[in-house]
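> how would this look folded up:
(chains A and B)
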Amino acid sequence: MASGALMKTPLHDRHVAAGARMADFAGFDMPISYDGILAEHRRVREAAGLFDVSHMGEAEVRGAAAHAFLDFLLTNDVSAVPPHHAQYTLMLNRQGGVIDDLILYRLQDRYLLVVNAANVAKDFEWIGSHLAKDVDFRNVSERTALLAWQGPKAAAILDPLVEADLSAVPSFGIVETRLEGIAVILARTGYTGEDGFEIFVDPARAAQVWDRLLAAGAPHGAGPAGLGARDTLRLEKQYRLYGQDMDETVSALEAGLGWTVKLDKGDFLGRDALLAQRDGGIPRATIGLLVTEPGRHIPRAGCVVMADGREVGEVTSGTFSPSREEGIALARVPKEFAAKGDLTIRIRNRDVAVKRVKKSFV
Amino acid sequence: MNIPQELRYTKEHEWVLADDGVLVVGVTDFAQAELGDIVYVELPSIGTRLAAGETFGNVESVKSVSDLYCPVAGVVADINTRLGDSPELVNSDPYGEGWMVRLEPENPADLEGLLGPEEYSDYIGAEAE
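Numbering: from 1, shown residues only, chains lettered A, B, ... in the order given. Predicted coordinates for the structure are as follows:
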């Protein structure tokens, strides 16, 4: 796609000025890396990194029936989310396949949904087709800029810049405050496995927030981080990526996201299919695999998983783990192979030994 | 983009330096920048006979893997073993410490068939558009 056809976030000028490598991501011209994926990855694990994730979609849900509607639309239990808290959740089709994974943010007077950039159109069409009475649903993507400020030093660097006391904000907590006079919503959420905040701000003020955070963070070793590091960071924690590790043909249970599904909360879209799968057997599993063979063998999405000399599954995400300096992958295999001890991954015509790692590689 | 005048180039983004009858081969500054952080370089054994255009190894970055193509026919006389522990040398010094193989060419005149620095510069300029 010619670059002229791509959409730009409010921070696009900043990325170009910083000399970032840019690429098309979900129709946006996005920064893949600034000074190298490895450096940016370490920055987030050791200090703090600032990501522009303004390409993601945001929608507001309000109204007397908003709670009941969201409980029908989403898999997790909306009642478990107090005001000013967030929750990771899924939106399923009637077959139990994943339409999207998203975070639900409950503010004082409304809910905010943050969805994957590539899914905005289909998500909002799906939501629109199920809208109930007394629910006001609004796409606010174009008037929302979103930054992710992630890393062990993120809170300490951010705290002096904002009016709120961040030590009072728990993990998945939300605070509406001002950052040097600019109205922001801070949520203690992210996609890196580190402590940190996602920052919602008016697009017209996003560059100011960006500049201020980078200036405050530079003496602490913080700096910008691109989508390349975002991918290695999330994969080290085995966080699923929509479109690779799951899609509409993969059930929430097959994706290993059963912990976000509350089958006993009452009816919701996809529940019947998941109940049938729970009782009749879940056909496939999503597992983490670490390369154990010496030499830097790096699994990539699409590599075949082998067992007993035959192809049984496929790598859905694979990369070089900067923290471990080893190859890591998420793979989808038939359930009966998930616990098998001698799986291999075929990497360029060679079967490379791997072992299963549960939950997180780091 | 650094494109030294004294080198010859291929459309697969390798550079070739004629050094006293032996050809030193590596990947260009453009290639290393496109690949990003390089974490693994696989090279052939010394003595391997390669045809022009044959793959002789690969370069793996965090995000992707790329084959290496032999610029002219020849026999591998030496490889840069430092890349085993320090693949990042390809990023930091692609035309120096990041060299990959030394090749004894079958026919030294084959070098003339490769791109000159201006031609290579035009080629990547066109590819970038």
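> So stretch B:92-112, near chain A or not?
No: on the criterion CB under 8 Å from any CB of the partner chain, stretch B:92-112 is out of touch with chain A, staying 10.5 Å away. Using the backbone N, CA and C atoms, a C-beta is placed for each residue, glycine as well.
> ok now that stretch, how far from the chain's centre?
Here the centre of stretch B:92-112 is set off from its chain's centre by 7 Å, with CA atoms, centre = their mean, to the nearest Å.
> mind checking which helix or strand A:Leu158 is in?
Per DSSP states H and E, A:Leu158 falls inside helix A:154-158.
> Next, A:Asp272: phi, psi?
phi -60, psi -40 (degrees, to the nearest 10).
> Against A:Ile199, how distant is the residue of chain A found nearest chain B?
Of all residues in chain A, A:Arg296 sits closest to chain B, at 3.8 Å by CB to the nearest CB. As defined by CB to CB, to the nearest Å, A:Arg296 lies at a distance of 36 Å from A:Ile199.
> Check the residue of chain A closest to chain B and give its pLDDT.
For A:Arg296, the pLDDT comes out at 82.
> May I have the beta-bridge partners of the closest residue to it other than its chain neighbours?
Using CB to CB, 6 or more residues apart in numbering or on different chains and skipping the chain neighbours, the partner closest in space to A:Arg296 is B:Tyr40 (3.8 Å). Beta-bridge pairing for B:Tyr40 (DSSP bridges): B:Glu60.
> which residues does residue 78 contact?
Using chain A here. A:67, A:70-71, A:87, A:104, A:106 (CB atoms under 8 Å, 6 or more residues apart in numbering or on different chains).
> was after chain B, sorry
B:46, B:101-102.
> out of the contacts of A:Val78, which one sits closest to A:Arg346?
Using CB to CB, A:Gln87 is the member of these that lies nearest A:Arg346, at 38.3 Å.
> Local confidence estimate at the closest one?
In this prediction, A:Gln87 has a pLDDT value of 98.
> Same check on A:Leu241?
We have a pLDDT of 98 for A:Leu241.
> Repeat that for A:Ala2.
Reported pLDDT for A:Ala2: 47.
> again, but for A:Val352
96.
> Got phi/psi on it?
phi -100, psi 130.
> any idea how far it lies from A:Val362?
For A:Val352, the distance to A:Val362 - CB to CB - is 20 Å.
> of these two, who's got more company?
Ranked by neighbour count (other CB atoms under 10 Å in any protein chain shown), A:Val352 and A:Val362 place A:Val352 first, with 20 against 15.
> how about that one, what does it touch?
A:291, A:293, A:297, A:299, A:327, A:344-346.
> Where strands are concerned, which of those residues count?
Mapping the contacts of A:Val352 onto strands (DSSP state E) picks out A:291, A:327, A:344-346.
> Which of those residues has the largest number of neighbours?
A:Gly327 (29 neighbours).
> for chain B, what helix or strand is lowest in average pLDDT?
helix B:117-128 (a mean of 87; mean pLDDT, DSSP states H and E).
> That helix near chain A at all?
No: using CB under 8 Å from any CB, helix B:117-128 stays clear of chain A, coming no nearer than 10.8 Å.
> Residues of the stretch 151-300 of chain A that sit close to chain B?
Residues of the stretch 151-300 of chain A lying near chain B by CB under 8 Å from any CB: A:228, A:232, A:295-296, A:298, A:300.
> one step back: if you count what's nearby, which of A:Arg296 and A:Ile199 comes out ahead?
Looking at A:Arg296 and A:Ile199 with other CB under 10 Å, you find the greater number of neighbours at A:Ile199, namely 24 against 17.
> Name the nearest residue to the more buried one, sequence neighbours excluded.
A:Leu147 is the one closest to A:Ile199 (CB to CB, 6+ apart), at 4.4 Å.
> Okay, helices next: where are they in the stretch 101-250 of chain A?
A:120-129, A:154-158, A:206-217, A:227-236 (DSSP state H, counting those that start in this stretch).
> Pick the most buried one from the ones you listed.
Burial of those is given as mean neighbour count (mean count of other CB atoms under 10 Å in any protein chain shown); helix A:227-236 ranks first at a mean of 24.
> Only alpha carbons, please: show that one as CSV.
The C-alpha trace of helix A:227-236 is given here as CSV (Å, rounded to 0.1, in the frame of the first residue of the first chain):
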residue,chain,number,x,y,z
LEU,A,227,5.3,-2.2,17.7
GLY,A,228,8.3,-4.6,17.2
ALA,A,229,9.1,-4.5,20.9
ARG,A,230,5.5,-4.6,21.8
ASP,A,231,5.3,-8.0,20.0
THR,A,232,8.4,-9.5,21.7
LEU,A,233,7.3,-8.2,25.1
ARG,A,234,3.8,-9.7,24.9
LEU,A,235,5.0,-13.0,23.5
GLU,A,236,7.5,-13.4,26.3
